[in-house]
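Asks: Quick one, what's the 3D model for this:
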Amino acid sequence: MEELNYEFEKLGDIIDICISSDHKFGTDAFLLSDYANIRRKDTACDLGTGCGIIPLLWFRNPAKSPKFVWAVDIQSKAIKQLNISIEKNNLKDKIKAVKGDLKNIKELGLPLGEFDLVTCNPPYKINGAGIISETDSEKIARHETMCNIDDVVYAASRLLKFGGRLCICQRPERLLDVMEAMRKYKIEPKRLRFVQKKGNTAPWLFLIEGKQGSKPFLKVEEPFIIQNEKGDFSKELQDIYFNF
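Replies: So this is what the prediction gives:
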């Protein structure tokens with residue numbers, strides 16, 4: 001097996017995350033982890049977890065951490081990194097890393113129909129669209145080579161209990177794809193928030209929450225602004241990064 005070259009990065013005072021050139025994270029993971037509004041009683045699943053950034057962020061504050069999290073990824077190196085993080089942070093009784101294909105969700109050993117929350121930071125680009133990323137890990141993370149939005153939402157629909165929530169981040173041009181997939185699998189879009197670099201710029205990301213079996217009603221929230229007028233992180237982004 002190819003050697004894994006990695007290092008640790010701090011996520012607050014008590015959590016360290018194992019990262020590598022193949023599996024790291026960006027601002028969108030922080031935004032999605034916060035948007036999901038995890039609760040202490042929740043059993044959650046993060047699909048396409050990569051290095052496990054979203055589950056690990058949920059455990060930065062023990063007083064607010066969820067009951068249990070399953071983290072699924074198809075890439076062996078990603079799961080190996082996450083297991084290193086789980087071991088280092090003594091989270092074996094809180095996070096379970098699962099290597100597998102979310103398209104075969106029934107075969108992964110997860111408790112179907114029992115999850116309060118499913119999250120996914122999916123590939124943003126349709127397979128074959130745009131500049132193809134160089135490494136295999138980048139292709140899988142950024143392009144729909146191994147799964148697409150329909151696959152993600154179907155998997156979530158099998159995992160969620162009635163009233164359970166699915167939270168996804170995606171590029172604005174994929175908004176209709178996400179909402180159509182949600183309704184196809186009886187997950188009603190309930191909240192939508194666009195993310196803008198500044199108040200006068202077009203959105204570069206959106207965050208959406210759907211609820212299993214819910215009645216139609218979509219709340220469009222005020223935009224999330226990344227930078228203030230001085231070009232520094234906005235207060236809301238600083239709170240997500242540092243005040244958890």
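Asks: Which pLDDT does the model give the nearest residue to residue 99 once chain neighbours are set aside?
Replies: Once flanking residues are discounted, residue 99 sits nearest to residue 79: 4.4 Å by C-beta to C-beta, 6 or more residues apart in numbering. All C-beta spots, glycine's among them, are computed from the backbone N, C-alpha and C. Looking at residue 79, its pLDDT stands at 97.
Asks: Residues contacting the helix or strand where residue 79 lies, please?
Replies: Following DSSP states H and E, one finds residue 79 within helix 76-88. Residues outside helix 76-88 that contact it (C-beta atoms under 8 Å, 6 or more residues apart in numbering) are 2, 4, 6, 8, 16-20, 22-23, 49-52, 55-56, 71, 73, 91-92, 95, 97-99, 137.
Asks: how about a cut-off of 6 Å?
Replies: Contact with helix 76-88 is made by 4, 16-18, 22-23, 50-52, 56, 71, 73, 92, 95, 97, 99, as judged by C-beta atoms under 6 Å, 6 or more residues apart in numbering.
Asks: Skipping its backbone neighbours, what lies nearest residue 115 in space?
Replies: Leaving aside its sequence neighbours, residue 115 sits nearest to residue 159 (C-beta to C-beta, 6+ apart; 4.5 Å).
Asks: Quick check: next helix or strand after the worst-scoring helix or strand of the chain on mean pLDDT?
Replies: Lowest on mean pLDDT, DSSP states H and E among the helices and strands of the chain sits helix 136-142, with a mean of 48. For helix 136-142, the following helix or strand on the C-terminal side (DSSP H and E) is helix 149-159.
Asks: what inclination does the next helix or strand after that following helix have with respect to helix 149-159?
Replies: Remark: after helix 149-159, the chain's next helix or strand is strand 160-170, criterion DSSP H and E. Computed by axes from the mean of the first three to the mean of the last three C-alpha atoms, to 10 degrees, the angle separating strand 160-170 from helix 149-159 equals 150 degrees.
Asks: Output the contacting helices and strands for strand 160-170.
Replies: In this structure, strand 160-170 packs against helix 27-35, strand 115-120, strand 203-212, with contacts taken as 3 or more C-beta pairs under 6 Å, 6 or more residues apart in numbering; DSSP states H and E.
Asks: Run through this structure and note the low-pLDDT ranges.
Replies: Where the chain drops to pLDDT under 70, the residues are 1-3, 125-145.
Asks: now with 50?
Replies: 1, 129-133, 137, 139-143 (pLDDT under 50).
Asks: Could you pull out the buried residues of the helix holding residue 79?
Replies: Going by neighbour count (16 or more other C-beta atoms under 10 Å), the buried part of helix 76-88 is 77-86.
Asks: Residue 46 should be in a helix, yeah?
Replies: No. Counting by DSSP: H, G, I helix; E, B strand; the rest coil, residue 46 is not part of a helix but strand.
Asks: what is it paired to in the beta sheet?
Replies: residue 71, residue 119 (DSSP bridges).
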